[in-house]
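J.: I need the structure of the sequence given here:
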Amino acid sequence: MELDLSLILLLLLTGLGAGTIDAIAGGGGLITLPVLLASGLSPVQALATNKLQGSFGTLAATLYFVRKRLVNLREMRTMIICTFIGSALGTVMVQLIDSSILAAIMPALLILIALYFAFSPKIGDQDRDRRISVLLFSTAITFAIGFYDGFFGPGTGTFFTLAFVSLAGFGLARATAHTKVLNFTSNLASLLFFLFSGHIVWIAGFAMAAGQLIGGQLGARLVVSRGTSLVRPLIVIITLLMSAKLLLDRFGLSTSELVARFFGG
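T.: So this is what the prediction gives:
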């Protein structure tokens, strides 16, 4: 892969846009992965590099939410540990088990989640009564979603947000803040495995990471200032786009090829 100034600028701007959207509603990989693939990276290199750059965006958003006291890392210790373990196990298992069955069922599941966020009257910025205990939520739900992120990945942020809203009783802004902490945790667990694989394209990853650091902060600020009015519709849109991407992949239509054609590649 040859990186000139124009490509580095494209990667930086891509990271900025993806980091902003990801901090608000998740789904930043919808933007970054096609661009990395269209830039000439192999699928494995793109996945590994995407984990590197995405970790910076989720870290930036996490730090902002911690400063604004929307999350308390001490109270989240069990969630963080279970998510990390789940993601690490998922990363190992995907190398042993075919994940194609998930690719088949995920579009329909994501569409159902989008409908829930679009029409549920219970979603707002106010916290409600939780439905399960903190211990059960931490050891079962966050572990399972962390495992899913390491094993397959698309929609992880949406699943975390859905769990915090529907099971933990969080308002949408608070749920989004806690989601970013666990997103960063699961990204970090997967990234540690990729560090020793030799597949990370460091200069591309750090170019995007620079944009992610800015975008993650910007998106987190928008979550705090705009709340449900911004987060809810974006979650619906991003979730539907993820469904469309998975369907395209299912029928052999590469999003990277579509991006390359759009830019005249």
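J.: all helices in this protein, in order from the N-terminus.
T.: Here the chain has its helices, by DSSP state H, at 5-25, 29-38, 43-67, 77-93, 100-119, 134-136, 143-151, 156-166, 172-194, 202-226, 228-250, 255-262.
J.: in the third one, what's buried?
T.: Applying a neighbour-count criterion of 16 or more other Cβ atoms under 10 Å, one finds 45-66 buried in helix 43-67. C-beta coordinates here come from the backbone N, C-alpha and C atoms, glycine included.
J.: hang on, the earlier thing: may I see the helices of the chain organised as CSV, with mean pLDDT and distance to D125 added?
T.: Converted to CSV, the helices of the chain look like this (pLDDT from 0 to 100; distance: least, Cβ to Cβ, whole Å):
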stretch, mean pLDDT, distance to D125
helix 5-25, 93, 14
helix 29-38, 86, 26
helix 43-67, 91, 14
helix 77-93, 93, 21
helix 100-119, 81, 14
helix 134-136, 93, 21
helix 143-151, 92, 23
helix 156-166, 92, 11
helix 172-194, 92, 5
helix 202-226, 94, 10
helix 228-250, 85, 5
helix 255-262, 56, 33
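J.: now those helices as a markdown table including distance to Q126?
T.: Below are the helices of the chain laid out as a markdown table (distance: least, Cβ to Cβ, whole Å):
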| stretch | distance to Q126 |
| --- | --- |
| helix 5-25 | 19 |
| helix 29-38 | 30 |
| helix 43-67 | 18 |
| helix 77-93 | 22 |
| helix 100-119 | 16 |
| helix 134-136 | 19 |
| helix 143-151 | 24 |
| helix 156-166 | 11 |
| helix 172-194 | 9 |
| helix 202-226 | 15 |
| helix 228-250 | 9 |
| helix 255-262 | 37 |
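J.: what's the closest of those to D127?
T.: helix 172-194 (6.7 Å; Cβ to Cβ).
J.: got the CA positions of the closest one in PDB?
T.: Backbone C-alpha positions of helix 172-194 (Å, rounded to 0.1, in the frame of the first residue of the first chain) are rendered in PDB as follows:
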ATOM      1  CA  LEU A 172     -30.500   7.000  25.900                       C
ATOM      2  CA  ALA A 173     -27.700   9.500  26.500                       C
ATOM      3  CA  ARG A 174     -26.400   7.600  29.500                       C
ATOM      4  CA  ALA A 175     -26.800   4.300  27.600                       C
ATOM      5  CA  THR A 176     -24.700   5.700  24.700                       C
ATOM      6  CA  ALA A 177     -22.000   6.800  27.200                       C
ATOM      7  CA  HIS A 178     -21.800   3.400  28.800                       C
ATOM      8  CA  THR A 179     -21.800   1.700  25.400                       C
ATOM      9  CA  LYS A 180     -18.700   3.600  24.300                       C
ATOM     10  CA  VAL A 181     -16.800   2.400  27.400                       C
ATOM     11  CA  LEU A 182     -17.600  -1.300  26.500                       C
ATOM     12  CA  ASN A 183     -17.000  -0.700  22.800                       C
ATOM     13  CA  PHE A 184     -13.500   0.500  23.600                       C
ATOM     14  CA  THR A 185     -13.000  -2.500  25.900                       C
ATOM     15  CA  SER A 186     -14.100  -5.000  23.200                       C
ATOM     16  CA  ASN A 187     -12.000  -3.200  20.500                       C
ATOM     17  CA  LEU A 188      -9.000  -3.300  22.700                       C
ATOM     18  CA  ALA A 189      -9.400  -7.100  23.400                       C
ATOM     19  CA  SER A 190      -9.500  -7.800  19.700                       C
ATOM     20  CA  LEU A 191      -6.700  -5.400  18.900                       C
ATOM     21  CA  LEU A 192      -4.400  -7.200  21.200                       C
ATOM     22  CA  PHE A 193      -4.700 -10.300  19.100                       C
ATOM     23  CA  PHE A 194      -4.200  -8.400  15.900                       C
END
